[in-house]
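Colleague: This is a predicted model, with the sequence first.
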Amino acid sequence: MSNGGTSVFVDVLMLAVSDLAHDAWDYRFAALLTLQDQNVMGRGAVGFDLEDIEWGQTPSEQTQAKNFVIRAIDLAMRRHRWDELRYEPPFAHDYLRQFRAMVKSFDTATAGRHDGVFPSSAEAARASCVRHRILSALPYWEGCLFCTGQ
């Protein structure tokens, strides 16, 4: 995916994740997305592998986490809050469709072997940007993905 494609993908997915996050794991996944902010990290310097995610210790936890990601992707694919973007994301649906297929087929029991890549519970994205109504990158840096892009 190009740098621009990565930004679009993260933007549209973050809108959905922010509105669906409920459990502790969901906020950890949101923090992972905030770390994909190329405006802070640098163009081309972000990315994650599904194997880097700690999906949970038990099959039940893994299923719950995977279902959250699928629900967030599905919500994003329905163009959830895209009207709030300052641009039209023409390829976002394709990126989301591909990511959904990857997540759906991924065996979560084989993941989480890369210590320190997936944000811890203490690093979970629990603060919300008042202006943009998405989860922010605190404690990493002030502001959300949309704040840093302006």
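Modeller: Perfect, I can see it now. Small disclaimer: the values here were computed from a predicted structure and weren't measured.
Colleague: Isn't Phe106 up against Asp49?
Modeller: No - the criterion here is C-beta atoms under 8 Å, and Phe106 misses it with Asp49 at 10.0 Å. Using the backbone N, CA and C atoms, a C-beta is placed for each residue, glycine as well.
Colleague: Pick out whichever of these two has more residues nearby.
Modeller: Phe106 (16 against 9; other C-beta atoms under 10 Å).
Colleague: how close does that one get to Glu51?
Modeller: Remark: distance between Phe106 and Glu51 (C-beta to C-beta, to the nearest Å) = 8 Å.
Colleague: Now for Thr6, how many residues are close by?
Modeller: By the measure other C-beta under 10 Å, the count of residues near Thr6 is 17.
Colleague: With Phe68 instead?
Modeller: 18.
Colleague: what pLDDT does it get?
Modeller: Phe68 carries a pLDDT value of 98.
Colleague: Is it correct that it falls within a strand?
Modeller: No - with DSSP: H, G, I helix; E, B strand; the rest coil as the criterion, Phe68 is assigned helix and is not in a strand.
Colleague: surely it meets Phe29?
Modeller: Yes - between Phe68 and Phe29 there is a contact at 7.0 Å, judged by C-beta under 8 Å.
Colleague: ok, for Ala24, nearest residue in space, not its chain neighbours?
Modeller: Distances taken as C-beta to C-beta, 6 or more residues apart in numbering place Ser121 nearest to Ala24, at 5.8 Å, with adjacent residues excluded.
Colleague: what's in contact with the host helix or strand of Tyr27?
Modeller: Taking DSSP states H and E as the criterion, Tyr27 maps to helix 24-34. Contact with helix 24-34 is made by 10, 13-14, 17-18, 20-21, 48, 53-54, 56, 61, 64-65, 68-69, 118-121, 123-126, 135-137, 140, 144-145, as judged by C-beta atoms under 8 Å, 6 or more residues apart in numbering.
Colleague: Report the buried residues of that helix.
Modeller: Within helix 24-34, the residues that qualify as buried are Trp25, Asp26, Tyr27, Arg28, Phe29, Ala30, Ala31, Leu32, Leu33, Thr34, counting by 16 or more other C-beta atoms under 10 Å.
Colleague: so how many other residues sit close to Leu50?
Modeller: 17.
Colleague: Equivalent analysis for the one 5 residues further on, please.
Modeller: Number of residues near Trp55 (other C-beta under 10 Å) recorded here: 25.
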